[in-house]
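Colleague: Show me the folded form of this:
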Amino acid sequence: MRTMPFVFAATLGLAACASTTPAPDAPEAPAAPPSVADACRPENAQSFVGQKATPESIEAARVAAGAAIARALRPGTAVTMEYRGDRLNLHTDTNDVVTSVGCG
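Modeller: Coordinates of the predicted model:
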């Protein structure tokens, strides 16, 4: 019967050591990615359809769409399949003329 107070005291002591606040050097949670609605607006880059995809026109289209990055996609080009709401995609024909724009 004498072990009961010891067990209770040990449990209480361990509970006092528990902390509910993160350590000061703990990494913060990553920031939420920008929402798709705010990240890229392909309708603002529609004027680039029919233009030649050059580094300058791709950059101008990216700025117009408000995208963080842009890429030109020729027919048959291998592309990554992850969706990025902040990326402008300029689809071109084999002559590098932009045929459509979209985000992703």
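
Colleague: The helix or strand containing Arg62: what's the following helix or strand?
Modeller: Element membership for Arg62, per DSSP states H and E: helix 55-65. Using DSSP H and E, the helix or strand that follows helix 55-65 in sequence is strand 69-73.

Colleague: Which strands border that following strand, and is each parallel or antiparallel?
Modeller: According to DSSP bridges, strand 69-73 forms sheet pairs with strand 87-92 (parallel).

Colleague: now the partner strand against helix 55-65, angle please.
Modeller: 130 degrees (axes from the mean of the first three to the mean of the last three C-alpha atoms, to 10 degrees).

Colleague: what's in contact with strand 87-92?
Modeller: Here strand 87-92 makes contact (C-beta atoms under 8 Å, 6 or more residues apart in numbering) with 40, 42, 45, 48, 53, 58, 61-62, 65, 67-75, 98-104. In short, each C-beta sits where N, CA and C put it, glycine included.

Colleague: List the residues that contact Cys40.
Modeller: Contacts of Cys40 (C-beta under 8 Å, 6+ apart): 65-68, 85-88, 103.

Colleague: neighbours around Ala64, how many?
Modeller: 19 (other C-beta atoms under 10 Å).

Colleague: and the gap between it and Gln51?
Modeller: Computed with C-beta to C-beta, to the nearest Å, the distance linking Ala64 and Gln51 is 12 Å.

Colleague: now Pro75
Modeller: For Pro75, the distance to Gln51 - C-beta to C-beta - is 17 Å.

Colleague: residue ranges with poor pLDDT in the protein?
Modeller: 1-38 (pLDDT under 70).

Colleague: where do the helices sit along it?
Modeller: Per DSSP state H, the chain carries helices over the ranges 3-17, 36-39, 55-65.

Colleague: in stretch 44-61, what's buried?
Modeller: Within stretch 44-61, the residues scored as buried using 16 or more other C-beta atoms under 10 Å are 44-45, 48, 51, 53, 57-58, 60-61.

Colleague: Which pair of these spans the longest distance?
Modeller: Maximum pairwise distance among the buried residues of stretch 44-61 (C-beta to C-beta): 16.8 Å, between Asn44 and Ala53.
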